[in-house]
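In: Structure for the following, please:
(2 chains)
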Amino acid sequence: MPILVPRQNVEQNNMRITVNGEVRDFPGDEVTVSQVLAQQQVESPDMVAVQVNGAFVDKGEFAGSHLQDGDSVEFLYFMGGGAEVDHTS
Amino acid sequence: MSGFATRAVHGPTIAAPGGAPGGAPGAKPGADPSGDPHGSLRPPVYDTVAFAFASAEDIAAAFAGRKAAHAYSRITNPTVTELERRVQALAGGQGVMALASGMAAISTTIMALAEAGANIVAARSLFGNTTSLLAHTLAPWGLEARFVDMNDQEAVTAAIDNHTRAVFCESITNPQLEVADIPALAALTRKRGVPLIIDNTAPTFYLCRAGELGADIEIISSTKYISGGGSTVGGLIIDHGTFPWARAPRMAKFAESFGPFAFLAALRREISRNIGACLAPHNAYLQTLGLETLALRVEKSCQNALDLAHYLRHQPKVAEVNYPGLTDNPFHLLADRQFSGRYGGILTFDLGERARCFACLNKLRLIKRATNINDNKTLAIHPASTIFAEFTRPELEVMGVGEGMIRISTGIEDPADLQQDLAQAIS
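Out: As a prediction, this is how the structure comes out:
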């Protein structure tokens, strides 16, 4: 028979997600793409291209895309200012 | 707020860097939730070249595409972004880019998709400068233009090969007023894996839902109906998010990083950035203003065009009137199906020869002799001696631009005044 442990005594889990190449810890055992974007202060999720472990995620799926511990999320603004190589100055 | 006119007036207000409305830093307590610190109902004009950053890390992140921020107005500008987001709210699509002119939008799109050795399948009837771009400007760079009758499905199919980078046509051609069967063309281009580009300038997304009909890319000269008062020159590229860009040879490298947004990213991060045909913030401001009254003006000018077409066809000196709104016009049924029961603000009529056209144009008192279309003012021009002057007689015959043709672009004046002016000019 399993021993039931009261929830408040369970040590808080963290999810470790690599976001744009940097390792980030998210509290709890559940995190979605939307939450990662919010944590990264992406105010307009419709303006970023998002990949999870190299696969593109449709913007309509951001809220329902649950990440696994160790996943990698990459996001890039496709309409924002700037460019990788620029000669404006 | 789902109606077109309502969305046109109440689109997203001030866009924060990257486009998010609301929550402007430093907003005063009690300020309007639109995001403007003063609650201004009219977004300000950001007439600036560059934008300052809090740190070197921030500017590096913006240049890498990791942070939403405006850096330099050739690439993005808040006032231009505001226009783009408001157009997107009306036209649909996954992104909009506003440029300096309709021709800038066309040339930037073609240069993004095609390369030397490739070809573009284009309508034989097009705006004169578009034909010139393809036949005269881009041909020396090794891009072949294959001009075909867009209503001849077999001809279009035969023209497409493995080197075709796009099929390009106008939803209503100017000045021939031929209507493209967009769903039929879309079925064909999707089968062949080629993007369909529709220049939707003449009806705009108010009358013609190009994306819903099957256009992958919609281009609009916002100089016309959107600016409204003929105030400013501008162009729009709308990506409807329907083409799998990984299949387009020049988009492959962008598709690796941006997936379905490859085309928009390529425009912003390379093609448009390097060509530099950016829309001036002040022009974007005026076009955003024009956008709010688009529906009213389109309705009025379409009614004026229909009224004038009916009037002109009963004048003995007029050999022919061409307007898709006339029930015996060969494109009437197709126009009816695609343009919500209105037929645009352009009509042409035939006076037989150039001299009679010039005499008529010179007698006009109210209607202006000018080359623009979809101004608030009604405009008239002789296309063969102006917009199409660089083409030979045989070329003009193929393009359907006759020596006896006068083009009228109807404005929003009282119809009786327009009729009276034309009556005295023709007599």
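In: Can you pull the domain assignment for chain B?
Out: Split into domains by automatic domain parsing, chain B comes to B:45-290, B:294-426.
In: Deepest-packed of those domains, please.
Out: Comparing the domains of chain B by mean neighbour count (mean count of other CB atoms under 10 Å in any protein chain shown), domain B:45-290 ranks first with a mean of 21. In short, each C-beta sits where N, CA and C put it, glycine included.
In: Span of that domain from start to end?
Out: End-to-end span of domain B:45-290 (CA to CA, to the nearest Å): 15 Å.
In: How far does it sit from its chain's centre?
Out: Here domain B:45-290 is found 9 Å from its chain centre; the criterion is CA atoms, centre = their mean, to the nearest Å.
In: What are the phi and psi values at B:Thr164?
Out: Main-chain torsions, B:Thr164, degrees, to the nearest 10: phi -80, psi 130.
In: related to what we said a few turns ago, a markdown table for the domains of chain B, including distance to B:Ala5?
Out: Shown next, in a markdown table, are the domains of chain B (distance: least, CB to CB, whole Å):
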| stretch | distance to B:Ala5 |
| --- | --- |
| domain B:45-290 | 9 |
| domain B:294-426 | 4 |
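In: Out of these, which gets nearest to chain A?
Out: Closest approach to chain A among the domains of chain B is made by domain B:45-290 (3.6 Å; CB to the nearest CB).
In: is that closest one anywhere near chain A?
Out: Yes - contact of domain B:45-290 with chain A (CB under 8 Å from any CB of the partner chain) involves B:50-51, B:62-72, B:74-76, B:84, B:94-95, B:257-261, B:264-265, B:268-270, B:273.
In: Now do the contacts for the residue most central in space within chain A.
Out: With distances taken as CA atoms, centre = their mean, chain A has A:Val36 as the residue nearest its mean C-alpha position (3.1 Å). By CB atoms under 8 Å, 6 or more residues apart in numbering or on different chains, the residues touching A:Val36 are A:17, A:19, A:24, A:26, A:67, A:73.
In: now swap in B:Ile220 and tell me
Out: Contacts of B:Ile220 (CB under 8 Å, 6+ apart): B:102, B:105, B:199-201, B:204-205, B:226, B:235-236, B:238.
In: What is the nearest of these to B:Ala135?
Out: Among the contacts of B:Ile220, B:Asp199 lies closest to B:Ala135 (CB to CB), at 15.9 Å.
In: related to what we said a few turns ago, counting neighbours, which of the contacts of A:Val36 comes out on top?
Out: The most neighbours of any of the contacts of A:Val36, using other CB atoms under 10 Å in any protein chain shown, belong to A:Ile17, which has 23 neighbours.
In: Check which helix or strand the residue nearest to the centre of chain A maps to.
Out: Secondary-structure element containing A:Val36, defined by DSSP states H and E: helix A:33-39.
In: Which positions within that helix qualify as buried?
Out: Within helix A:33-39, the residues that count as buried by 16 or more other CB atoms under 10 Å in any protein chain shown are A:33-37.
In: a markdown table for those residues, including pLDDT?
Out: Formatted as a markdown table, the buried residues of helix A:33-39 follow (pLDDT from 0 to 100):
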| residue | pLDDT |
| --- | --- |
| A:Val33 | 96 |
| A:Ser34 | 95 |
| A:Gln35 | 94 |
| A:Val36 | 95 |
| A:Leu37 | 94 |
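In: Show me the longest helix that occurs in chain B.
Out: helix B:294-312 (DSSP state H).
In: what's it packed up against?
Out: Where contact means 3 or more CB pairs under 8 Å, 6 or more residues apart in numbering or on different chains; DSSP states H and E, helix B:294-312 is packed against helix B:4-9, helix B:204-207, strand B:346-350, strand B:405-409, helix B:415-426.
In: Using a markdown table, lay out those together with distance to B:Asn322 and mean pLDDT.
Out: Shown next, in a markdown table, are the helices and strands packed on helix B:294-312 (distance: least, CB to CB, whole Å; pLDDT from 0 to 100):
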| stretch | distance to B:Asn322 | mean pLDDT |
| --- | --- | --- |
| helix B:4-9 | 28 | 92 |
| helix B:204-207 | 18 | 97 |
| strand B:346-350 | 5 | 98 |
| strand B:405-409 | 8 | 97 |
| helix B:415-426 | 15 | 97 |
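In: Indicate which one of these is closest to A:Asn13.
Out: helix B:4-9 (44.1 Å).
In: The closest residue to A:Leu37 other than its chain neighbours: what's it in contact with?
Out: Spatial nearest neighbour of A:Leu37, chain neighbours left out: A:Pro45 (5.2 Å); criterion: CB to CB, 6 or more residues apart in numbering or on different chains. By CB under 8 Å, 6+ apart, the contact set of A:Pro45 is A:34, A:37, A:59, A:62.
In: B:Asn200 now?
Out: Taking CB under 8 Å, 6+ apart, we find B:Asn200 in contact with B:170-171, B:208, B:210, B:215, B:218-220.
In: Now go through the contacts of B:Ile220 and say which are in helices.
Out: B:102, B:105, B:204-205.
In: nearest to B:Thr6, of those residues?
Out: Out of the ones in helices among the contacts of B:Ile220, the member with the shortest distance to B:Thr6 (by CB to CB) is B:Phe205, at 15.2 Å.
In: Give me the residue ranges of the chain where confidence is low.
Out: Chain wasn't specified; assuming chain A. Scanning chain A for pLDDT under 70 picks out the ranges A:1-12, A:80-89.
In: Actually, chain B is the one I wanted.
Out: B:1, B:12-35.
In: residue boundaries of the strands in it?
Out: B:95-99, B:119-123, B:144-148, B:164-170, B:196-199, B:217-221, B:235-239, B:320-322, B:346-350, B:368-369, B:379-381, B:405-409 (DSSP state E).
In: would a markdown table of the ones you listed with distance to B:Thr130 be doable?
Out: What follows is the strands of chain B, written out as a markdown table (distance: least, CB to CB, whole Å):
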| stretch | distance to B:Thr130 |
| --- | --- |
| strand B:95-99 | 15 |
| strand B:119-123 | 8 |
| strand B:144-148 | 10 |
| strand B:164-170 | 8 |
| strand B:196-199 | 7 |
| strand B:217-221 | 10 |
| strand B:235-239 | 12 |
| strand B:320-322 | 19 |
| strand B:346-350 | 15 |
| strand B:368-369 | 23 |
| strand B:379-381 | 17 |
| strand B:405-409 | 16 |
